[in-house]
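*Asks:* My questions are about this predicted structure, shown below with the sequence.
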Amino acid sequence: MIKEITVQELKEKIDNKEDFQLIDVRETFEYETSNLDGLNIPLAGILIEADQIAQDKPVIIHCRSGKRSAAAVMQLEAQLGLTNLYNLRGGILAWQEAFDPNMPVY
């Protein structure tokens, strides 16, 4: 079972300036439409780019709806044994709904 956080919890972390890494596993064109200032590593390249993922602080991974990011968390945990990963439940769509109704999401 992968660990998840809600968009409300993510917003608290941002507002409190907590030290964490945010990774967006959507495709580059989706990221360019709108993003939450995360590091963009599309899902297909997540294992190849794994050296960019912090191991010394929480890492929150998100996509559009939460499916691709859940897959990324599972791959990284299985292949690399990382234990500091969290899936953003509902993805950027949940963020849009909760905080930014005018945000364009591809």
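*Replies:* Arrived safely, thanks for sending. This is a predicted model, so every value here is computed, not measured.

*Asks:* Need the pLDDT of the closest residue to Arg64 other than its chain neighbours.
*Replies:* Distance criterion CB to CB, 6 or more residues apart in numbering; nearest residue to Arg64, sequence neighbours excluded, is Gly91 at 4.9 Å. For glycine as for every other residue, the C-beta is placed from the backbone atoms N, C-alpha and C. pLDDT, Gly91: 98.

*Asks:* now Pro42
*Replies:* 98.

*Asks:* ok, it to Ala72 distance?
*Replies:* 10 Å (CB to CB, to the nearest Å).

*Asks:* Mutual contacts of those two, please.
*Replies:* Shared contacts of Pro42 and Ala72, defined by CB atoms under 8 Å, 6 or more residues apart in numbering, comprise Val25.

*Asks:* So what does Val59 look like in phi/psi?
*Replies:* Backbone torsions for Val59, taken as degrees, to the nearest 10, come to phi -120, psi 120.

*Asks:* got a list of what it touches?
*Replies:* Phe20, Gln21, Leu22, Ile23, Ile53, Leu82, Asn84, Leu85, Tyr86.

*Asks:* which secondary structure elements does the longest helix seen in the chain contact?
*Replies:* Longest helix of the chain, by residue count under DSSP state H: helix 67-80. Packing partners of helix 67-80 (3 or more CB pairs under 8 Å, 6 or more residues apart in numbering; DSSP states H and E): strand 59-62, strand 85-88.

*Asks:* Deepest-packed of the ones you listed, please.
*Replies:* Among those, ranked by average contacts under mean count of other CB atoms under 10 Å, first place goes to strand 59-62 (a mean of 26).

*Asks:* Report back the residue of this protein that's furthest from centre.
*Replies:* Most distant residue from the mean C-alpha position of the chain: Asn102, 20.2 Å away (CA atoms, centre = their mean).

*Asks:* give the contact list for it.
*Replies:* Here Asn102 is in contact with no residues (criterion: CB under 8 Å, 6+ apart).

*Asks:* any idea where the helices of the chain begin and end?
*Replies:* So, for the chain - with DSSP H - the helices run 7-15, 28-33, 67-80, 91-99.
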